[in-house]
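**Q** what follows is a protein structure lacking sequence information:
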DNA sequence: TTCTACATGTAAACTGTTACATGATTCC
DNA sequence: GGAATCATGTAACAGTTTACATGTAGAA
C-alpha cells in the first residue's frame, strides 16, 4: 500500500488538492509509482477519514486543499525508516526474454533491438528533463536528482545489456 | 495480464501440472513475475476453459497434466511479437528516495547504505545461481543466461548508484 | 460564448494476496 | 504410523484500471 505513502510524501512538501497531486503523479512520480485519478481521490478520502491528512481549505469548483496531519507525518517517517522495500520486480519486458526461444532467431533479435531503442529513448527523455530542471540544493533537488540519476544509469545499463544480448543469439 | 502468458510460455517447453508450474515460478520466474499457488490454479482453469491449453493426462492425487494447444502457442507468439512491453516500473524502493528529505541526513544515508547491501546480496545470490547451473547451448540456456545476466548487471548498477547517492547527502 | 482546464466522485471489472480447506502418496 | 511432499481448489480482501458522470471558473 505505497500509494498512501506517496500521497503523504507529496503533502509533506506542501499542501495540495487532489487535482494538484494528480498532476504531480503524472509528471515527477509517474516513473516510479503511476496512479490514476480515481485511485488518488479515493485514497485521499480514506486518508482524511483516518486522520492522517486534513482538509485545510476549500476553494472554487469544490476544490479541497489537504494538509498533512502530525499522524500523517509520523506514518510517513515510519514507512521510510521501519519498513523494508519489496524487491518485487514484476517485469513483463524481462518475462518475454525467457520465452524468446519460441520465436525465430531474427524475431528474438528484433525484440532485443527494440529494447535497445526503448532504453535509448527513455534515457534521452530523462537527460532532457535533467537539463530542463534548474537544480537547487534544497532537499527536493538533492533527492529528485538522485532519483533521476537512477533512471539514467538504469537505461544505460539496460541498453548495453540488450545490445550484448542480441549478439548472443544464434 | 502477463500471468497467462507466463503459463503458456512454461507449457511451451514441456507439459506440466499446476504443481509443477508453481515450482517453476518459485525458482526461475520468481524474480521477474512472482505468482501465488492460488493465482496459478485459477488461471490454469480459465486457460483450459478458453481452449488455450488442454488437460492431456490425469495422474495420482488428482494431478492434471496440461499441454499447450495450438491456439495457446499462437497467443504466446502474438504476445511476444505484437504487443509492447509496459515500462511500468512500480518501485516502492525508489519512491522512498523522493521523500528521504523528511528524515535526518544520517537516516537518509542509512537507507541508501541498506540498498547497497541489498544489491550486493542479490548480486551474490544470482552469481551463485549462475555457477550452480550447468549451462547448455539450447534455447532455455541461452535465454535463461541472458535473463540472469540482466539481474547481475542490474544489481551492480543499483549498488554503484546507491553508493554514489550516499555521498551526495549533506 | 465557447473552449479548456480545473475539480471531484463512483461503479464495475480485473489482478493479486492471504488464508482456509481438503486429501493422497511416498518415504522413513 | 507419521511426516513431508504432492496436489488441487475456493473465499475474502486489497489494490489497480477503465469508464462513466457531473459541474465550475477563467481565458480568448
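**A** The structure has been received and is ready for your questions. What you are looking at is a predicted structure, and each value in this text was computed from that prediction instead of being measured. Residues are numbered from 1 along each chain as shown, chains lettered A, B, ... in the order given.
**Q** going forward, measure contacts between C-alpha atoms and count neighbours the same way
**A** OK.
**Q** what's the neighbour count on the residue lying closest to residue A:99 once chain neighbours are set aside?
**A** Distance criterion C-alpha to C-alpha, 6 or more residues apart in numbering or on different chains; nearest residue to residue A:99, sequence neighbours excluded, is residue B:9 at 5.8 Å. With neighbours defined by other C-alpha atoms under 10 Å in any protein chain shown, the count for residue B:9 comes to 25.
**Q** over to residue A:108?
**A** 24.
**Q** same check on residue A:69?
**A** 19.
**Q** and the closest residue to it other than its chain neighbours, how many neighbours does it have?
**A** Nearest residue to residue A:69, sequence neighbours excluded (C-alpha to C-alpha, 6+ apart): residue A:53, at 4.8 Å. Residues within reach of residue A:53, counting by other C-alpha under 10 Å, total 24.
**Q** quick one: residue A:53 and residue A:43 touch, right?
**A** No. Assessed by C-alpha atoms under 8 Å, residue A:53 is found out of contact with residue A:43, at 10.8 Å.
**Q** and the residue nearest to residue A:59 when sequence neighbours are not counted, helix, strand or coil?
**A** Counting by C-alpha to C-alpha, 6+ apart, residue A:59 lies nearest to residue A:65, which is 7.5 Å off, once chain neighbours are set aside. Using DSSP: H, G, I helix; E, B strand; the rest coil, the secondary structure recorded for residue A:65 is strand.
**Q** residue A:57 now?
**A** Following three-state DSSP, the label given to residue A:57 is strand.
**Q** what pLDDT does it get?
**A** Residue A:57 is assigned a predicted lDDT (pLDDT) of 95.
**Q** what about it, distance to residue A:64?
**A** Distance from residue A:57 to residue A:64, counting by C-alpha to C-alpha, to the nearest Å: 6 Å.
**Q** show me the contacts for residue A:170.
**A** Residue A:170 sits next to residue A:105 when contact means C-alpha atoms under 8 Å, 6 or more residues apart in numbering or on different chains.
**Q** residue numbers of chain A in contact with DNA strand D?
**A** A:1-3, A:34-39, A:60-61 (C-alpha under 7 Å from any atom of the strand).
**Q** which of those sit farthest apart?
**A** Spatial extent of the residues of chain A next to DNA strand D (C-alpha to C-alpha) is set by the pair A:1 and A:60 at 31.1 Å.
**Q** now do the contacts for the residue nearest to residue A:69.
**A** Residue A:53 touches A:8, A:47, A:66-69, A:71-72, counting by C-alpha under 8 Å, 6+ apart.
**Q** list phi and psi for it.
**A** phi -130, psi 170 (degrees, to the nearest 10).
**Q** tell me the bridge partners for it.
**A** Beta-bridge partners for residue A:53, by DSSP bridges, are residue A:68.
**Q** and it, how far from chain B?
**A** Residue A:53 is 16 Å from chain B, where distance means C-alpha to the nearest C-alpha, to the nearest Å.
**Q** care to break chain A down by domain?
**A** According to automatic domain parsing, chain A is divided into the following domains: A:3-82, A:92-167.
**Q** can you put those in JSON lines and add distance to residue B:95?
**A** Formatted as JSON lines, the domains of chain A follow (distance: least, C-alpha to C-alpha, whole Å):
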{"stretch": "domain A:3-82", "distance to residue B:95": "6"}
{"stretch": "domain A:92-167", "distance to residue B:95": "9"}
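**Q** what's the residue nearest to residue A:168 when sequence neighbours are not counted sitting at in phi/psi?
**A** Leaving aside its sequence neighbours, residue A:168 sits nearest to residue B:142 (C-alpha to C-alpha, 6+ apart; 7.5 Å). Backbone geometry at residue B:142, expressed as degrees, to the nearest 10, gives phi -60, psi -50.
**Q** quick check, pLDDT for residue B:142.
**A** 92.
**Q** neighbours of it, how many?
**A** By other C-alpha under 10 Å, neighbour count at residue B:142 equals 20.
**Q** who are the neighbours in contact with it?
**A** A:168-169, B:135-136.
**Q** dump the residue contacts of the most centrally placed residue in chain A.
**A** Taking C-alpha atoms, centre = their mean, the centroid of chain A lies closest to residue A:32, which sits 1.6 Å from it. Residue A:32 sits next to B:89-92, B:94-95 when contact means C-alpha under 8 Å, 6+ apart.
**Q** among those, name the buried ones.
**A** Buried subset of the contacts of residue A:32 (neighbour count, 16 or more other C-alpha atoms under 10 Å in any protein chain shown): B:90-92, B:94-95.
**Q** ok, which of those also contact DNA strand C?
**A** Among those, not one lies near DNA strand C by C-alpha under 7 Å from any atom of the strand.
**Q** could these go into a markdown table alongside pLDDT?
**A** Listed next are those as a markdown table, based on pLDDT from 0 to 100:
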| residue | pLDDT |
| --- | --- |
| B:90 | 91 |
| B:91 | 94 |
| B:92 | 95 |
| B:94 | 96 |
| B:95 | 96 |
